[in-house]
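> What follows is a predicted protein model with its sequence.
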Amino acid sequence: MNKRKVNFALVGLSEMGMRHAFSIKNSMKMELVAVCDKLEDRVSEAVNTLDVKTGTTDWRELLSNDDIEAVVLCIPDQVHVEMTVAFLEAGKDVLCEKPMALSVEECEEMRAAEKRTGKRLMIGQICRYTPSFIKTRELIEQGEIGELYYVESEYAHDYSLASEGVDRWRLDPKREPFIGGGCHAMDLLRWIAGNPYEVCAFANHKCLTDWPVNDCIISIFKFPNNVIGKVFVSIGCKRNGTMRSVFYGTKGTIICDNNSNYLSVFKEPLAGKDSIFPDKHISQTTPINLAIPINHHNTTYELESFADCIINDTPVPTTSYDGECTVVACVAATQASKIGQTLEIAYPEE
Ligand SMILES: NC(=O)c1ccc[n+]([C@@H]2O[C@H](COP(=O)([O-])OP(=O)(O)OC[C@H]3O[C@@H](n4cnc5c(N)ncnc54)[C@H](O)[C@@H]3O)[C@@H](O)[C@H]2O)c1
């Protein structure tokens, strides 16, 4: 097995950026060789704390740095396209935070650069690295709850408490909540139920009234195999952050949340021993609560998966195509909420 380390640069030194930084620092597979932020004090603090060779406020300086093999971009959504394309063109592999971009056109530009350069582009759809969601998907794939017929997920976060972002970038009207935050819930449902092909949606604006966009959207989708589903997004809710998600199958139901240390499984009782819970009493009315570690921002698993692909020359697990399809579905839901009509969702060629 190849034991070498991948040399990384990190652009964007916010709380989330520093989470990426520590994941790289603490890994046997990665080395952090450069950090960048447009804010000088963030750069000097990171250089000191992380003991990194290079720190800069100008991300373009990193393009010609031959020490750097791969770059993590933890910068505002609006800048994803420009930096991703430039780093790919400079011969670096790129892990770009979610959402891939704020429009389908920008996603297309990023994918074209990936194809042109032959470098890797991975999108940080973190739910695919979250223990409760990984376990849920595994149980569904094993057929533990029969055939899916209804799926739902929500992204409810009080943005009045959270960061508006440096220079208040989250208040850009282009940063629709369904794309910026709801992409988590949408991507989770796509990962488990496939690409939805039809959507209708409603929205209102009653909580963050000084924000330029609707702050609550509910959307209903048709998925393949006659599965129906719902995504609910609220960025003004008065509660703790949640991504509660429920998967209903013909033989059972799973309730999970990235903020919960267990997931609940309801199942029809089987004759004889249960396949996955042989020691447990399980029924369709009393759930088994499976213990699950809470790790809603599992950047270590995400980054190590990316590094493994670079080391072993294999494709990335959360591809740019997936990133774009999630944006396509989110844009369609937002548009449906604005025009009050059901829309068909058309996906790009892979
Ligand atoms: N995976 C998740 O769950 C998750 C959570 C939070 C944020 N995000 C995503 O991460 C990204 C960053 O979000 P955030 O909350 O950290 O935002 P933030 O505003 O808190 O931090 C962004 C950082 O990027 C820096 N920056 C901005 N423009 C720059 C430029 N041109 N050059 C260098 N540095 C620049 C800012 O100074 C700031 O330090 C966004 O895409 C966001 O959607 C993902």
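On my side now, so go ahead. Owing to the predicted nature of the structure, the values given are computational and were not obtained by experimental measurement.

> what are the phi and psi values for the spatially most central residue of the chain?
Nearest to the mean C-alpha position of the chain, counting by CA atoms, centre = their mean, stands residue 125 at 2.3 Å. As for residue 125, its main-chain torsions (degrees, to the nearest 10) stand at phi -80, psi 90.

> wouldn't it be in contact with residue 189 here?
No - under the criterion of CB atoms under 8 Å, residue 125 is not in contact with residue 189, lying 11.8 Å apart. For the C-beta atoms, the positions are set from N, CA and C on the backbone; glycine is no exception.

> Alongside the ligand, which residues does the stretch 201-350 of the chain contribute?
residue 297 (CB under 6 Å from any ligand atom).

> for the stretch 201-350 of the chain, which spans come out with low pLDDT?
For the stretch 201-350 of the chain, applying pLDDT under 70 flags the ranges 270-275, 279-281.

> mind listing the helices for it?
Assigned by DSSP state H, counting those that start in this stretch, the helices in the stretch 201-350 of the chain fall at 299-312, 320-339.

> Quickly check: stretch 113-130 near the ligand or not.
Yes - using CB under 6 Å from any ligand atom, we find that stretch 113-130 touches the ligand at 124, 126.

> how far does that stretch sit from the chain's center?
11 Å (CA atoms, centre = their mean, to the nearest Å).

> So for that stretch, mean pLDDT?
The average pLDDT within stretch 113-130 is 98.

> Name the residues of that stretch that come out as buried.
In terms of neighbour count (16 or more other CB atoms under 10 Å), stretch 113-130 has its buried residues at 113-114, 117, 119-130.

> Can you tell me which of those is nearest the ligand?
Using CB to the nearest ligand atom, residue 126 is the member of the buried residues of stretch 113-130 that lies nearest the ligand, at 4.1 Å.

> Any figure for the gap between that closest one and residue 224?
Computed as CB to CB, to the nearest Å, the residue 126 to residue 224 distance reads 24 Å.

> same deal with residue 294?
For residue 294 relative to residue 224 (CB to CB), the value is 31 Å.

> out of these two, which sits in the busier spot?
residue 294 (14 against 10; other CB atoms under 10 Å).

> quick one: contacts for the more buried one?
131, 132, 258, 259, 260, 261 (CB atoms under 8 Å, 6 or more residues apart in numbering).

> Which residues are in contact with the closest residue to the ligand within the stretch 201-350 of the chain?
Going by CB to the nearest ligand atom, the ligand is nearest to residue 297 of the stretch 201-350 of the chain, at 5.5 Å. Each residue near residue 297 by CB under 8 Å, 6+ apart is listed here: 16, 19, 126.
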